[in-house]
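Structure for the following, please:
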Amino acid sequence: MKNFICHITLLFLIGFTQTVQSQAQIVTDSIQIYIEKAMKLQEEYKYEESMEMAKIALQNAQYNNDDKSLGDIYNIIAKNYEINDEDIKARSNYGRALIHARHAKSLALQADLHNNLARVDTKHNLTRAKGVTSYKTSYELAVKLNDTVRMIRPLLNLGEYYITRSDFDSAYEYLDPARELIHKKSTNLVKAKLTGLLGKYFLNTRKYEEAEDYIDQAISYSLSETKNKNNNNELTSKYFEALASAYETKSELHRKQQDYQKAYTYQKKQFQNILEATEYKKLEELRRANIKYEVDKYKNRATKAENEQKESESEVLKWRISIILGIILILISMAFLISSYKNNIQKKRLNSDLIEKNRELISAKETAEQVSTLKSQFISTVSHELRTPLYGVIGLTSLLMENPEEKKKTEYLESLKFSGDYLLALINDVLQLSKIETNEVKLEKVSFDIRSLLEGIVNSLHTKQKSNNNTVHIDIDQSINTTLLGDSVRLSQILINLIGNALKFTKNGNIWVQVKSLDVKDDSYLLRFVVKDDGIGIPKNKQQSIFDNFAQVKNENQEYEGTGLGLAIVKKLIHLHKSDIKIKSQEGKGSEFYFDLSYEKAVKEQEISLKTGENLSIGTSNFNVLIVDDNKINQIVTQNILKKKGYTCNIASNGMDAIKTVKDEKFDLVLMDINMPEMNGLEATKVIRTFNSHLPIIALTAVEEGEIRNQALSVGMNDVIIKPYDTQQFFQTIMRNISKVKMA
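Numbering: from 1, shown residues only. As a prediction, this is how the structure comes out:
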C-alpha cells in the first residue's frame, strides 16, 4: 500500500513539473510575440501602440524574471523616447536595459545598447566623454562576438565624433579599421558614410588626391541610392544628407586648392541636396501624421457606426455625433499645431548646437595659432643658442688663418672653417625643415668661387675619403668663370650630401665631380653638376624611394648607417632652384646623380665700387666702433677682427652700458647684439635715438634674419649682420653705413 502511494505521488510530481515547464515556455513565447509586435509598430511610426505592446511584454517578463526579454523591451521603450527627443527618459531606459542584458550575459544586446546609449550621450556637452567610452565598449564587445556589422557601427560613430571635434588623428584610429571591415555585403549607406568621413580626414591632413578619391566614392554610393525606388522616404533622406556632406567636403577641397569656380559649383550642389533631404523628411513626417490620422479616423468611423446603429431613430443623437466629430477634427488640428511647435523647438535646439560647435571651432583655431607661435619661438631660441657658440668657433678660426706664423696649418684650418660654415648651414636647414617643405626658405645671392667651394668640400670629406680608400676627381668646364653669384651654402649642402653618399657606398674606387656649361648668356650660366661613382649602385626599384624622408639603401651583405635625410634634403633644395635631380644607376656598377642650376656671373669688385660709390678697400680709415655684446668670446672675436683692419674698439656688455658709453664718447659706428640681460639691443637703440639720430647702429646678432630685420629697422637700426658672417661682407656692410653718414 505504501509503495502504491509513493508511485502515485511521484507520477503527480512529474506531471505537475511538466505542466509548469510547458506554461513557462508558453509565457516566454507570448513575451517574444509582444516584443516583435512592439518592434514592428515602432518601424511603422506607431509609437503609442508600440509602447502599449512593450508594457504588456514588460509585465510578463518581470513576472517570469526573464532578463534577456527585459533588456529587449527596455531597449524598445528607450528608442521610442529617443525618436521623440526625450533624451533623459531614453538614457534612463537604455541604462535599465543594459543591467538586464548583463544579467542575461547577452554580449550582442550589450554591444547594441552601448552604441545606442553613446548616441544619446554624445548629443550633450556634459555627457560627451561618457558617450565616447560607450562607443569604445560597444566596439570591444563586437570584437569578442566577431560581429562585423556591430564592429563597424561604433567605429564610424567614433570617427564622425572626432572629425566634428577637429581631432583628425584620433578619427583615423577608428576609420582605418572600419575601412578594413567593410565588405561587399555592407549597405551603401555604411559605405557612403565611411568614404565621406575618410574624405574629410584626408582633406584636413592636406592629402588632396586621397581626399578627392574617397569623396567621389561617397558621392557614387549616395547618388545611386537616391534614385532607388525601393528605399523609403526616411532612407532616401539619409542618402541625400550623405550626398550633401560629400559635396560640402569637395567644395572645401577645391577652395583649399584655390579653384574657387569649382568650389562654388559644389557648394550649390550641397545646398540642392540639403533641400532634397528636407523635402523627403517632410514627406516622412506627413506620412507619420497620416498614419496617426488614419488610426483615429477608423476609430471614429467605428464609433459613429455603432452609435448610428443604436440610435438611428434619434436625430438628437445624430447631432451629438456631429458635434463629437467636429471636436475630433479640432483635436487633430491641435495635434498638428503641437507637432509644428515641437519642430520649431527642435530647430532652435539645432541652432543652439551649431552656435556651440562654431565656438568650439574658433577655440580650436586659437589653440592652433598659439601652438604655431610657440613653435616659432622654440625654433628662434634654439637657433640663437646654437649660432652663438658657432660664431666663436668660426671667428677664432678666421683669426688663426690670418696669422702669418705656422702656415703649415693653413690647409687644416681652411677645412675646419669650411666644416664650421657647413655645420651652421646644416643646423639652419634642420631647424627650418618645416619652412623648406612649405616653400618658405628663400635663396641667397652671394659671390663665391666654384673651384674653391668644390675643393673645400672634398677637403672636408678627406677622412671619409681615406677610410674607404677612394679617389675624388674634380673637373670644371674651362669656359666657366669660376666666380659666380648665387646661394653657395645651399649648393654646398647639395654637393656634400651627394659626394658624401658616393664616398660611403664606394670602396677602393673613384668619385668624379663634374661641372659642365650647358648654356652661356651675357649675365648667367646654365650649369650641369654631376656626381658619379663606381660603387655598389642602387636597385631599380629603389631609385625613386631613396629621395623620401628617412629612406636608406640596403643590400644583402650590409646596412649603411645614416638618418636617411640627405637625399630628401638634396631634392628639396634643388626644387628651391626650380630644378630637379636625375639618377642613372646599375646595381654593382655605380651611380650617377646630376642636376642643372642657373647662376649669375659675379660682378667684379671694382664695378661694385663704381656703382655704389663706396670704397671697398677697407682699413684706410681709423674708425672708432662700439661693440655691444654680453658674450665674452664674441667680444674677443669681433674686437680682434676690427683691430686687424686698424679700427679702435670699445666694449659694452649690455644695453644700459651701451647708452652710457654713447653719451660719454664719440663713435663712428655701433655693433649692437639683440639678446642681452638688463636691456636688450632693440630697447637700447630706441633710447639712443632719442639723443643721437645720425650714429650708424648695426644689429650684430645670431637671431634669424627674417625674424629680426623688420624689428631692427623699426626701432632705428640701420642694418643687420647675422653671426657668423663672411668677413668681407662684414666690412662692406660697415663701410656702406659709415659712408652714408660721412658723405651726408
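
So Leu175, which state does it fall into?
helix (DSSP: H, G, I helix; E, B strand; the rest coil).

got a list of what it touches?
For Leu175, the contact set (C-beta atoms under 8 Å, 6 or more residues apart in numbering) comprises 155-156, 159, 194, 197-198, 201. Placement of C-beta: from N, CA and C, glycine included.

do the same with Ile734
By C-beta under 8 Å, 6+ apart, the neighbours of Ile734 are 618, 623, 625, 669, 698.

need the residues you listed in TSV with pLDDT, can you?
Shown next, in TSV, are those (pLDDT from 0 to 100):
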residue	pLDDT
Ile618	41
Phe623	90
Val625	95
Leu669	95
Ile698	95
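
Would you list the buried entries among those residues?
In terms of neighbour count (16 or more other C-beta atoms under 10 Å), the buried residues within these are 618, 623, 625, 669, 698.

elements contacting the helix or strand hosting the third one?
Assigned by DSSP states H and E, Val625 belongs to strand 624-628. Here strand 624-628 touches helix 632-643, strand 648-652, helix 655-664, strand 669-672, going by 3 or more C-beta pairs under 8 Å, 6 or more residues apart in numbering; DSSP states H and E.

Tell me which strands the last one pairs with, and in which orientation.
What it means is strand 669-672. Pairing partners of strand 669-672, with direction, according to DSSP bridges: strand 624-628 (parallel), strand 697-701 (parallel).

after it comes which helix or strand?
With secondary structure assigned by DSSP H and E, strand 669-672 is succeeded by helix 681-688.

any idea of the mean pLDDT for that following helix?
When pLDDT is averaged over helix 681-688, the result is 94.

Then stretch 350-362?
76.

Could you do stretch 216-236 as well?
Stretch 216-236 comes out at a mean pLDDT of 83.

Can you list the buried residues in it?
217-223, 225-226, 231, 233, 235-236.

same question, stretch 459-477
So for stretch 459-477, counting by 16+ other C-beta under 10 Å, buried means 459-461, 465, 468, 470, 472, 476-477.

go on, stretch 82-89?
Buried residues in stretch 82-89, defined by neighbour count with 16+ other C-beta under 10 Å: 82, 87.

still on that earlier bit, where among the strands paired with strand 669-672 is average confidence lowest?
Looking at these, the bottom one is strand 697-701 with a mean of 92.

contacts for that strand?
The contact list for strand 697-701 (C-beta under 8 Å, 6+ apart) reads 384, 627, 629, 638, 669-675, 681, 685, 688, 708, 712, 716-723, 733-734, 737.

rerun that using 6 Å as the cut-off
For strand 697-701, the external contacting residues (C-beta atoms under 6 Å, 6 or more residues apart in numbering) are 670-674, 685, 712, 717-721.

can you redo those as a markdown table with neighbour count and distance to Gly655?
Below are the contacts of strand 697-701 laid out as a markdown table (neighbours: other C-beta atoms under 10 Å; distance: C-beta to C-beta, whole Å):
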| residue | neighbour count | distance to Gly655 |
| --- | --- | --- |
| Val670 | 27 | 11 |
| Leu671 | 24 | 13 |
| Met672 | 27 | 8 |
| Asp673 | 28 | 9 |
| Ile674 | 25 | 10 |
| Thr685 | 26 | 8 |
| Ala712 | 23 | 14 |
| Met717 | 25 | 13 |
| Asn718 | 21 | 17 |
| Asp719 | 17 | 18 |
| Val720 | 20 | 17 |
| Ile721 | 17 | 18 |
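
which one of these is nearest Gln544?
Of all the contacts of strand 697-701, Gln544 sits closest to Val720, with 41.4 Å by C-beta to C-beta.

Tell me if I'm right that the closest one and Arg709 touch.
Yes. Between Val720 and Arg709 there is a contact under C-beta atoms under 6 Å: 5.1 Å.

one step back: let me know the closest of the buried residues of stretch 216-236 to Thr483.
Checking those against Thr483 by C-beta to C-beta gives Gln217 as the nearest, at 57.8 Å.

okay but that closest one is in contact with Leu194, surely?
No. Here Gln217 does not reach Leu194: they are 8.9 Å apart, not a contact under C-beta under 6 Å.

and this protein, what are its domains?
As assigned by automatic domain parsing, the chain contains the domains 187-278, 443-602, 607-742.

closest one to Asn65 among these?
domain 187-278 (36.7 Å).

one step back: the helices and strands packed on strand 624-628: lowest mean pLDDT?
helix 632-643 (a mean of 90).

Can you point out the buried residues in that helix?
Neighbour-count burial for helix 632-643, counted by 16+ other C-beta under 10 Å, picks out 634-639, 641-642.

tell me which residues in stretch 147-160 are buried?
In stretch 147-160, counting by 16+ other C-beta under 10 Å, buried: 150-160.

wait, is Phe595 part of a helix?
No. Going by three-state DSSP, the assignment for Phe595 is strand, not a helix.

Can you read off the pLDDT for it?
The model's pLDDT for Phe595 equals 94.

Repeat that for the one 4 residues further on.
At Tyr599 the predicted local confidence, pLDDT, stands at 91.

Tally up the residues packed near Asp29, please.
By other C-beta atoms under 10 Å, the residues close to Asp29 number 9.

any idea which element it lies in?
helix 2-43.

Past that helix, which element shows up next along the chain?
As assigned by DSSP H and E, the chain's next helix or strand after helix 2-43 is helix 47-64.

Can you say which of the helices and strands packed on strand 624-628 is nearest to Leu58?
helix 655-664 (82.1 Å).

what is the orientation angle of the closest one with strand 697-701?
Angular relation of helix 655-664 and strand 697-701 on a 0 to 180 degree scale: 150 degrees, by axes from the mean of the first three to the mean of the last three C-alpha atoms, to 10 degrees.

Ok, which of the strands paired with strand 669-672 comes nearest Glu36?
Here strand 697-701 is closest among the strands paired with strand 669-672 (C-beta to C-beta), at 80.6 Å.

tell me the angle of the closest one relative to helix 632-643?
Using the same axes, to 10 degrees: strand 697-701 against helix 632-643 is 130 degrees.

just use 9 as the starting number from now, easier for me
Okay, using 9 as the starting number, the last item reads as strand 705-709.

Run the angle between strand 705-709 and helix 689-696 for me.
Inter-element angle recorded for strand 705-709 and helix 689-696: 170 degrees (by the same axes, to 10 degrees).

Show the subsequent helix or strand relative to strand 705-709.
In N-to-C order, the element after strand 705-709 by DSSP H and E is helix 713-722.

for the record, mean pLDDT for that next one?
Per-residue scores along helix 713-722 average to 80.

can you dump the C-alpha coordinates of it into CSV?
Listed next in CSV are the C-alpha coordinates belonging to helix 713-722 (Å, rounded to 0.1, in the frame of the first residue of the first chain):
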residue,chain,number,x,y,z
GLU,A,713,67.4,87.5,-40.1
GLY,A,714,63.8,87.1,-41.3
GLU,A,715,62.6,87.3,-37.7
ILE,A,716,64.6,90.4,-36.6
ARG,A,717,65.2,92.7,-39.6
ASN,A,718,61.8,94.5,-39.5
GLN,A,719,62.0,94.9,-35.7
ALA,A,720,65.6,96.3,-36.0
LEU,A,721,64.7,98.8,-38.7
SER,A,722,61.5,99.9,-36.9
